[in-house]
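A.B. asks: Requesting a structural model of the entry that follows:
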Amino acid sequence: MPNPRRKTHLLLPSLPRLSSVTPKGADVKAERKTRRQAEEGKEVAMATRTLAFSDRDAKIRRNPRGVFEKHPGSGEWWICYWDAQGRKRREKAGTKSNAIDLYRKRKHEALQGKKLPEKLRRAIVSFKQIAEDAIADIERRYRRPADDVARLNVLIDWFGSREAASIAPREIETRLHAAAADNEWSPATINHYRTIMSLAYRLARRNGKVEANPVRDVPHQREDNTRTRALTAEEEKALRAAIRERYPLHELELDFALQTGLRQGSQYQLRWEMLDWGARVLHIPRTKNDEPIHLPLNDAALSVLRTLKGRSKGKERVFISDETGEPLNCPKHWFTDAVRLAGIQNFRWHDLRHTFATRLRGR
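C.D. replies: All right, here's what the predicted structure looks like:
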């Protein structure tokens with residue numbers, strides 16, 4: 001009867017027992033050779049077992065429980081689990097990190113006994129899709145959609161291929177601050193991007209494409225609205241010299257801005273039908289604040305308009321290109337360069353509005 005206390009390793013070959021009779025000569029050499037081979041076999045078996053456990057541990061680290069890549073190298077990860085009703089389910093999750101999070105969520109729901117719907121699969125909605133929906137909405141509702149459309153295109157470059165629901169607030173905040181550092185954005189610019197991204201998520205949530213808006217948890221930046229930069233007499237002289245040298249056909253646009261204080265958008269959207277020559281008043285039905293304004297015109301502003309009327313070529317818009325005859329929408333193609341040539345620092349087109357107000361108060 002075998003001894004139950006005796007433990008023999010299943011993977012290791014048993015060592016041959018030595019004969020009770022002491023061998024001599026060739027028998028001794030054969031005995032030693034046999035023992036040496038047995039010891040070598042033992043070492044090989046131990047090494048094989050160690051490698052087997054290492055491979056198993058590495059596999060566990062590579063593939064968490066219940067998470068697998070359906071087609072290796074595709075980047076398309078799935079989860080497999082048993083729900084509260086004991087049914088085996090599979091779900092497509094997208095990225096590996098999303099799959100791990102979703103697996104944990106489903107296991108937690110199963111432990112709570114939560115009953116899942118029969119059909120769990122839902123089309124993955126990318127950020128590009130919800131951003132394009134927002135662009136369509138902006139172009140339909142906004143009078144001047146170009147700036148916000150440009151911002152959404154920047155956001156598409158950042159997050160376009162990502163699943164919209166997978167983008168976290170912290171990630172959005174980090175990306176905005178990195179872009180602000182690289183491009184020297186003001187807090188107001190960061191807030192513009194935050195607002196337009198939040199709009200995309202609000203529309204997507206309303207349309208049932210996402211469940212939450214992560215931008216709501218991104219802090220709003222405090223803005224400094226106390227900046228009142230005005231053009232000095234010396235700076236105006238230098239700026240006019242630069243415009244006359246490089247962009248002589250655009251000096252009237254500068255004159256009109258300094259004499260009226262209109263916002264850039266309102267000035268470049270002016271139509272001749274808004275002008276009452278007899279009353280010397282501009283009637284603008286809708287401004288940035290969606291309110292009408294009635295602007296009295298001084299002699300200098302009327303003089304500018306008379307000159308522009310002679311160049312209008314029958315067009316409806318007041319400010320048109322002398323080269324192409326097409327309406328002008330902004331001064332960026334000449335004003336920024338003229339300011340640089342004049343050697344003026346920290347000056348924007350909107351500061352012409354501040355200049356008008358400062359000079360009006362000083363009269």
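A.B. asks: I'd assumed D290 was in a helix, is it?
C.D. replies: No: read with DSSP: H, G, I helix; E, B strand; the rest coil, D290 is coil and lies in no helix.
A.B. asks: can you pull out the helices in the stretch 251-363 of the chain?
C.D. replies: 251-260, 264-268, 299-311, 335-341, 350-362 (DSSP state H, counting those that start in this stretch).
A.B. asks: would you turn those helices into JSON lines with mean neighbour count and mean pLDDT?
C.D. replies: All C-beta spots, glycine's among them, are computed from the backbone N, C-alpha and C. Formatted as JSON lines, the helices of the stretch 251-363 of the chain follow (neighbours: other C-beta atoms under 10 Å; pLDDT from 0 to 100):
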{"stretch": "helix 251-260", "mean neighbour count": "20", "mean pLDDT": "96"}
{"stretch": "helix 264-268", "mean neighbour count": "19", "mean pLDDT": "91"}
{"stretch": "helix 299-311", "mean neighbour count": "15", "mean pLDDT": "93"}
{"stretch": "helix 335-341", "mean neighbour count": "17", "mean pLDDT": "94"}
{"stretch": "helix 350-362", "mean neighbour count": "16", "mean pLDDT": "90"}
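A.B. asks: Any chance of these in CSV with distance to R222 as columns?
C.D. replies: Output for the helices of the stretch 251-363 of the chain, formatted as CSV (distance: least, C-beta to C-beta, whole Å):
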stretch, distance to R222
helix 251-260, 29
helix 264-268, 25
helix 299-311, 37
helix 335-341, 27
helix 350-362, 20
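A.B. asks: The ones you listed: which one's closest to A212?
C.D. replies: Nearest to A212 among the helices of the stretch 251-363 of the chain is helix 264-268 (34.0 Å), distances taken as C-beta to C-beta.
A.B. asks: Touching that closest one from outside, list them.
C.D. replies: 144, 253, 256-257, 260, 284, 287-288, 293, 319, 327-331, 349-350 (C-beta atoms under 8 Å, 6 or more residues apart in numbering).
A.B. asks: Give me the ChimeraX select line for these, limited to the buried ones.
C.D. replies: Remark: buried members of the contacts of helix 264-268, expressed as a ChimeraX selection using 16 or more other C-beta atoms under 10 Å:
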select :253,256,257,260,284,319,327,328,330,331,349
